[in-house]
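K.L.:
Please find the sequence and the predicted model below.
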Amino acid sequence: MFRSVCRISSRIAPSAYRTMMGRPVIANTILAQRFYSANLSKDQVSQRVIDVIKAFDKNSPTIANKQISSDTQFHKDLGLDSLDTVELLVAIEEEFDIEIPDKVADDLRSVGETVDYIASNPDAN
Amino acid sequence: MLASLKNSYVVIRSIKSRLPRLYSLSAQPLGIDNTIENNSPTETNRLSKTSQKFWEKVSLNRNVKKGKIALQLDGTTIKTPLGNEIIIDDTRSLLAYLLKLEWSSLSNISIKTHSLPLTSLVARSIDLQMINKPDCDPQLVAKIGGNSDVIKNQLLRYLDTDTLLVFSPMNEFEGKLRNAQNKSYLPLIKGMEEFLSKFSFQSNVQLQILDADIHGLRGNQQSDIVKNAATKYMNGLSQWDLSILEKTILTTKSFICGVLLLENKKNSSNLLPNLKTDMESIIRAATLETIFQVEKWGEVEDTHDVDKRDIRRKVYTAAIAAFTQ
Amino acid sequence: MDKARVLHAYRGLIRAILKYERPSKVINWGKLQKAMITKLEYSKKQNPKNSHEDSNRELESWKQLDPVNDRSLNLFISDSKLLRSILKNDIKWEEKVAQGQNADEILEHAFDIIKFLDNQREYEELVDRYNPGNKLTQDEKVKRTANVVGLDVPR
């Protein structure tokens, strides 16, 4: 739990300013956010995706120690089954405040493919 | 890391022995929708004012041999308003999972009674089972608003003015509402008549509709043939299913919707084709008039938006309880 | 094809449960945050001679924590193991869907659960929004009611 706190605080990203209800608090923040999200670099996306994968170690503690690169495949390299992958992708959706359409999500098999999709999604932040 | 938190619970722990009773102190008269969600018993009120919840862990205790699952807080089984333990068949393990989710997701800010719709329905059906045992204390029966015969009679009355049997005049909404009602209700009425015929010696069970263009404003009453068939149907239901029927009928103001929900969730494979439907269609049928009102005059904040969710959460509550694997 | 339907239903369930759990998790994080700050500050006071570099850093990270706005605190549902075991061993949904046995009913039920969770959550959000007074104390309620009709409660 601690690790996740540190991870979060080390990131100065203006995390989604929203209330619990998912409603933006002030219109201005949305604009700022959008502007920011347009600048979300691939490296940033990549780092955050890897952080989420590392946090997903409750079922398979081995993941935390694995080297993760953009070539890493969810099933082949991390040993995730299809339902694990669904959970992981939902966590990534949550992290970037997007919803990945079923059709896209069904085909995401590696870290690199996922990062590419998020980096190309203008709503990601 | 949580060790420091534990200390603060020590004080709470002493009050905690009362916890499972929190739920058991709210007896509710029945017939009208006085389930725990709408009721404000003093004890739960006090609890919600003190803004505390007194437990740390919600869990399910499964007894594989007996095929039962108990819903527990810190190892103690939660009790219903009449003091029965909340234990359900493990053929409903998905429901058990959702009951657990319901309790573990209560925000500590306050225990709001409308936050536990699944638990209230399950508690009611468990209590109904108890009070229908032959030697039950009449005081307990009174507390819950009567035994299942009383409930069945009350539910029968909904068949007289069933939402799906009342037709609007042609001159409202340029006839659009009436056309939609014809399209949606008529096949269901026909299917329902066929369904009830199975519970009647008479071959011709006919539901009396109330057509605003023909009958104007008056009461409506079903024939004894219909009432007997419907009663016979209800007599064949378990207490569990009866409470689901009750919940749905009170929510939709429609006996037919109650039967549709129960039968579609229970044994849809043997169901008459006319009655096969899904929950969203049941909700649409029950709220057709509101749908047209909102379309014409727009949505009123704090009314339509809340009601829309309210009827859905209640209908889906019943649907979840009705499902067995 | 059928496998995909199962995955879509599961994705919907996970999303709905995650959203449903969020309000209580936000509160729990807030409580933990408060408790940790109190504890760290207390231990600083108790041992004034020690170097506090580590605990200062720790304290700072807890103070910066924003449970309401930080989505990354709630990325996973609390008990997916139990849910999966029920779906797999009790409902046997993958088997049944693969064999076409009540496949539609089972998947439809999954979506009924999703709709329940979403509507229950949205209902509570709306009730809270329209009745902000629910969270107030009795005195505060009386005072506000009086103010609405142009009065003030006597001091």
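P.N.:
Thanks, I have the structure now.
K.L.:
which other helices and strands contact the helix or strand where residue B:60 lies?
P.N.:
In this assignment (DSSP states H and E), residue B:60 forms part of strand B:58-63. In terms of contacts (3 or more C-beta pairs under 8 Å, 6 or more residues apart in numbering or on different chains; DSSP states H and E), strand B:58-63 is packed against strand B:68-73, helix B:93-104. (Glycine included, C-beta is placed from N, CA and C.)
K.L.:
Most tightly packed of those?
P.N.:
Among the helices and strands packed on strand B:58-63, helix B:93-104 has the highest mean neighbour count (mean count of other C-beta atoms under 10 Å in any protein chain shown), at a mean of 22.
K.L.:
can that one be found next to chain A?
P.N.:
No: shown here: helix B:93-104 not in contact with chain A (C-beta under 8 Å from any C-beta of the partner chain), separated by at least 15.3 Å.
K.L.:
Give me the angle between that helix and strand B:58-63.
P.N.:
Orientation check (axes from the mean of the first three to the mean of the last three C-alpha atoms, to 10 degrees): helix B:93-104 against strand B:58-63 gives 150 degrees.
K.L.:
what sits up against helix B:93-104?
P.N.:
Helix B:93-104 is contacted from outside by B:58-60, B:62, B:69, B:71, B:73, B:78, B:86, B:88, B:90, B:115-119, B:122, B:320-321, B:323, B:325, C:17, C:20-21, C:24, C:78-79, C:82-83, C:86-87, C:90-91, C:109, C:113, C:116, using C-beta atoms under 8 Å, 6 or more residues apart in numbering or on different chains.
K.L.:
Ok, stretch B:146-154 next?
P.N.:
When contacts are defined by C-beta under 8 Å, 6+ apart, stretch B:146-154 is touched by residues B:30-31, B:128, B:131-132, B:136, B:141, B:145, B:231, B:234-235, B:239, B:242, B:246.
K.L.:
Kindly reformat those as JSON lines containing neighbour count.
P.N.:
Listed next are the contacts of stretch B:146-154 as JSON lines, based on neighbours: other C-beta atoms under 10 Å in any protein chain shown:
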{"residue": "B:30", "neighbour count": "22"}
{"residue": "B:31", "neighbour count": "15"}
{"residue": "B:128", "neighbour count": "22"}
{"residue": "B:131", "neighbour count": "21"}
{"residue": "B:132", "neighbour count": "15"}
{"residue": "B:136", "neighbour count": "14"}
{"residue": "B:141", "neighbour count": "17"}
{"residue": "B:145", "neighbour count": "17"}
{"residue": "B:231", "neighbour count": "17"}
{"residue": "B:234", "neighbour count": "23"}
{"residue": "B:235", "neighbour count": "12"}
{"residue": "B:239", "neighbour count": "19"}
{"residue": "B:242", "neighbour count": "24"}
{"residue": "B:246", "neighbour count": "27"}
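K.L.:
Between those residues, which sits nearest chain C?
P.N.:
Chain C lies nearest to residue B:246 out of the contacts of stretch B:146-154, by C-beta to the nearest C-beta, at 18.1 Å.
K.L.:
Sticking with the closest one, tell me its helix or strand.
P.N.:
helix B:239-252.
K.L.:
Longest helix in chain C, please.
P.N.:
What stands out as the longest helix in chain C, according to DSSP state H, is helix C:2-46.
K.L.:
wait, isn't residue B:181 in contact with residue B:170?
P.N.:
No: counting by C-beta atoms under 8 Å, residue B:181 does not reach residue B:170; the two are 10.5 Å apart.
K.L.:
Got the domain ranges for chain B?
P.N.:
Domain assignment for chain B by automatic domain parsing gives B:13-144, B:149-322.
K.L.:
Which one of those has the poorest average confidence?
P.N.:
With a mean of 71, domain B:13-144 has the lowest mean pLDDT of the domains of chain B.
K.L.:
And stretch C:36-53, what's buried?
P.N.:
Within stretch C:36-53, the residues scored as buried using 16 or more other C-beta atoms under 10 Å in any protein chain shown are C:36, C:39-40.
K.L.:
which of those are close to chain B?
P.N.:
Among these, proximity to chain B is found for C:36, C:39 (C-beta under 8 Å from any C-beta).
K.L.:
Turn the buried residues of stretch C:36-53 into JSON lines, including distance to chain A and pLDDT.
P.N.:
Output for the buried residues of stretch C:36-53, formatted as JSON lines (distance: C-beta to the nearest C-beta, whole Å; pLDDT from 0 to 100):
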{"residue": "C:36", "distance to chain A": "9", "pLDDT": "88"}
{"residue": "C:39", "distance to chain A": "13", "pLDDT": "89"}
{"residue": "C:40", "distance to chain A": "12", "pLDDT": "88"}
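K.L.:
So which of the buried residues of stretch C:36-53 is the closest to chain B?
P.N.:
residue C:39 (4.6 Å).
K.L.:
What distance do you get for that closest one to residue C:70?
P.N.:
Distance, residue C:39 to residue C:70, by C-beta to C-beta, to the nearest Å: 21 Å.
K.L.:
Same list as before, the domains of chain B that is, but in a markdown table and with distance to residue C:145 included.
P.N.:
Output for the domains of chain B, formatted as a markdown table (distance: least, C-beta to C-beta, whole Å):
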| stretch | distance to residue C:145 |
| --- | --- |
| domain B:13-144 | 17 |
| domain B:149-322 | 18 |
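K.L.:
which of the contacts of stretch B:146-154 lies closest to chain A?
P.N.:
residue B:246 (32.3 Å).
K.L.:
can you tell me which residues contact that closest one?
P.N.:
B:124, B:151, B:155, B:258.
K.L.:
wait, which of the residues you listed is closest to chain A?
P.N.:
Chain A lies nearest to residue B:124 out of the contacts of residue B:246, by C-beta to the nearest C-beta, at 30.2 Å.
K.L.:
can you count the residues close to the closest one?
P.N.:
By other C-beta atoms under 10 Å in any protein chain shown, 26 other residues sit near residue B:124.
K.L.:
And for the one 10 residues further on?
P.N.:
For residue B:134, the neighbour count with other C-beta under 10 Å is 4.
K.L.:
Quick check: phi and psi at it.
P.N.:
phi -50, psi -40 (degrees, to the nearest 10).
K.L.:
With residue B:87 instead?
P.N.:
phi -130, psi 130.
K.L.:
on that earlier part again, can you give me the buried ones in the strand holding residue B:60?
P.N.:
Within strand B:58-63, the residues that count as buried by 16+ other C-beta under 10 Å are B:58-60.
K.L.:
that older thread, and the helix or strand following the longest helix of chain C, what does it pack against?
P.N.:
On the C-terminal side of helix C:2-46, the closest following helix or strand by DSSP H and E is helix C:53-64. Packed against helix C:53-64 by the contact rule (3+ C-beta pairs under 8 Å, 6+ apart) you find helix A:2-10, helix C:2-46.
K.L.:
buried set for helix C:53-64?
P.N.:
The neighbour-count check on helix C:53-64 (16+ other C-beta under 10 Å) flags C:55, C:58-59, C:61-62 as buried.
K.L.:
contacting residues around the residue nearest to residue C:12 when sequence neighbours are not counted?
P.N.:
Excluding the flanking residues, the one nearest residue C:12 by C-beta to C-beta, 6 or more residues apart in numbering or on different chains is residue C:114, at 4.7 Å. Residue C:114 makes contact with C:12-13, C:15-16, according to C-beta under 8 Å, 6+ apart.
K.L.:
same thing with residue B:84?
P.N.:
Applying C-beta under 8 Å, 6+ apart to residue B:84 gives the contacts B:123, B:126-127, B:130.
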